[in-house]
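Asker: no sequence on hand, only this structure:
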């Protein structure tokens, strides 16, 4: 299993290199959740290349583009930010698609994973590409001619007036783009803040979202983190809390979104660099891993963390099905892995153990 984690680390490093060499190094960005009047297209999934091609083909056509779900971090890449019609982010995490896309006056482009099967009420507005396909949906093939979805956007016309939408907690904007390069550009400030006591703890609250009861744990956890702590996040689980305003510490936002689930690589780089700066191991840092589990990619990331020897990970809201009693015993004994309990107990345990 640990060999899988090792290989996944190499894969994430290559993907990070490919993204940054193609689109530039992510920069912190404030992203509106409002949708302007007029024709628009929503793009969901992970594929930045598909988003780029759609932006290029819609240039000058009076059509705005909005990201959804795991596509949100696209707003941080300099190459993609240069398109003025990349306007904002619509909706929240993948499991809310059927509710959020219902009666949407715009087409949706489905790329890669983190998707829900379309309902009949909007199936005629769903377009797929790459390995994604749904019965009745128009598929954009390898030629990447997005003319059908462009024509659909113009036909539907979008909203007649500007629309104000909010995140799960009522916020009207979210931030993204705090990749490892952005965070580590402030490494000296962070190190000094830790030494002075201004920052006493880091929490990586990351992973997948889902509809299963108990996932409000992550919202409550982030709300209750101490004011002298930093919350790092990535993947779609962040939509539980990424519209919260947690304030700042020394000019640094307390909530930093590193990006897509693949950007777990960035979190690892931040942890390793800070450990080097303090002359200690990652496990000795005032850093806690609070992960929300859902699907296969999360297994790869978990195995990567175990490959690196990271201990005392909290995992929930339920444990993965592959964790048989014997495997769980090995992980508990060797890595201190444990299920989440309550936000209060887990925060107290984390801060007391460092």
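Answerer: On my side now, so go ahead. It should be emphasised that the depicted structure is a prediction, and the values quoted were computed from it without experimental measurement.
Asker: quick one: the helices in the protein?
Answerer: Counting by DSSP state H, one finds helices in the chain at the ranges 2-23, 48-58, 78-81, 97-100, 147-156, 180-184, 187-196, 216-224, 264-278, 296-307, 325-335, 343-353.
Asker: pull out the buried positions in the longest one.
Answerer: Put plainly, it is helix 2-23. Neighbour counts using 16 or more other Cβ atoms under 10 Å place 5, 8-9, 12, 16, 19-20, 23 of helix 2-23 among the buried residues. Every residue, glycine included, has its C-beta placed from N, CA and C.
Asker: coming back round to it: nearest to residue 244, out of the helices of the chain?
Answerer: Residue 244 sits nearest to helix 216-224 of all the helices of the chain, at 6.6 Å, using Cβ to Cβ.
Asker: so which bits of the closest one are buried?
Answerer: 217-219, 221-222.
Asker: which one of those is nearest residue 117?
Answerer: When the buried residues of helix 216-224 are compared for distance to residue 117 (Cβ to Cβ), residue 218 wins out at 25.1 Å.
Asker: ok, so of the buried residues of helix 2-23, who is nearest residue 348?
Answerer: Looking across the buried residues of helix 2-23 and measuring by Cβ to Cβ, the closest to residue 348 is residue 5, at 29.3 Å.
Asker: just the strands from the stretch 1-150 of the chain, written as ranges.
Answerer: 29-32, 40-44, 64-68, 86-89, 108-110, 126-129, 138-140 (DSSP state E, counting those that start in this stretch).
Asker: got TSV for the ones you listed, with mean neighbour count, mean pLDDT and distance to residue 336 too?
Answerer: Output for those, formatted as TSV (neighbours: other Cβ atoms under 10 Å; pLDDT from 0 to 100; distance: least, Cβ to Cβ, whole Å):
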stretch	mean neighbour count	mean pLDDT	distance to residue 336
strand 29-32	17	98	36
strand 40-44	27	98	36
strand 64-68	24	98	36
strand 86-89	22	98	36
strand 108-110	26	98	39
strand 126-129	23	97	42
strand 138-140	17	97	46
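Asker: can the buried residues of helix 216-224 go into JSON lines with extra columns for pLDDT?
Answerer: Below are these laid out as JSON lines (pLDDT from 0 to 100):
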{"residue": "217", "pLDDT": "95"}
{"residue": "218", "pLDDT": "95"}
{"residue": "219", "pLDDT": "96"}
{"residue": "221", "pLDDT": "97"}
{"residue": "222", "pLDDT": "98"}
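Asker: tell me the one of these nearest residue 307?
Answerer: Proximity of the buried residues of helix 216-224 to residue 307 (Cβ to Cβ) peaks at residue 218, which lies at 24.5 Å.
Asker: and the residue nearest to the closest one when sequence neighbours are not counted, what is it in contact with?
Answerer: Using Cβ to Cβ, 6 or more residues apart in numbering and skipping residues adjacent in sequence, the residue nearest residue 218 is residue 240, 4.8 Å away. Contact partners of residue 240, counting by Cβ atoms under 8 Å, 6 or more residues apart in numbering, are 93, 168, 209, 215-216, 218-219, 222.
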